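Student: Only the shape, not the letters, is given here:
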């Protein structure tokens, strides 16, 4: 039987993914501190020095975990996950991506390395930064509901897909 690893902040209970309350409080704290302007490294140092065993690997791995958490749309309710943070707070944190002073702070883990150590990539123009907003999450939820209906109307599904694409396009900065 295959096992599924749930993201930090969630747990599997009787075959359903539900919010793990103590971990969810940590997730909310991470998002709040980041929205207030704290760096990923500053948050990582504080969590590494705390009691949660999830953040005890190393400060560098803790920073990677935090970065992964901050950009995971599931925490705002994507992919049928119960939201832990409000979409507005999630979007506020996303708007911090790409700021020059953050480039060294926001290194994402990539197969045991950080982004700065991986192959060179051309930076995306700032005008193509995608920051999902509340409309995107609502349209995703509506589309998923349509797809789960037993006798869903193909025209309604197509309209929902186009609406979602339009909302995502409108979220590009």
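Tutor: Sure thing, it's come through. Remember, it's a predicted structure, so these values are computed and weren't measured experimentally. Numbering: from 1, shown residues only.
Student: got the contact list for the spatially most central residue of the chain?
Tutor: The structure's the chain has its C-alpha centroid closest to residue 72; by Cα atoms, centre = their mean the separation is 1.6 Å. By Cβ atoms under 8 Å, 6 or more residues apart in numbering, the contact set of residue 72 is residue 7. Every C-beta, even on glycine, is put in place using the N, C-alpha and C of the backbone.
Student: Could you tell me the backbone phi and psi angles at it?
Tutor: Main-chain dihedrals, residue 72, degrees, to the nearest 10: phi -90, psi 110.
Student: Tell me which residues touch residue 160, please.
Tutor: Counting by Cβ under 8 Å, 6+ apart, residue 160 has contacts 139, 142-143, 146.
Student: May I ask which of those residues has the most neighbours?
Tutor: residue 139 (20 neighbours; other Cβ atoms under 10 Å).
Student: picking up where we left off before, in strands, which of the contacts of residue 160 fall?
Tutor: Assignment to strands by DSSP state E places none of those there.
Student: What's the biggest helix in the protein, counting residues?
Tutor: Using DSSP state H to assign secondary structure, the helix with the most residues in the chain is helix 154-170.
Student: residues of that one that come out buried?
Tutor: Across helix 154-170, burial judged by 16 or more other Cβ atoms under 10 Å covers 160, 164, 167-168.
Student: Stretch 26-39 now?
Tutor: Those would be 26-28, 30-31, 33-35, 39, for stretch 26-39 by 16+ other Cβ under 10 Å.
Student: Which ones among those residues map onto strands?
Tutor: Within those, no residue falls in strands by DSSP E.
Student: Can you tell me which of those residues lies closest to residue 6?
Tutor: The closest of the buried residues of stretch 26-39 to residue 6 turns out to be residue 27 (Cβ to Cβ; 12.5 Å).
Student: Could you look up the SS state of the residue of the chain most remote from its centre?
Tutor: Relative to the centre of the chain, and counting by Cα atoms, centre = their mean, the farthest-placed residue is residue 151 at 32.0 Å. Judged by DSSP: H, G, I helix; E, B strand; the rest coil, the three-state class of residue 151 is coil.
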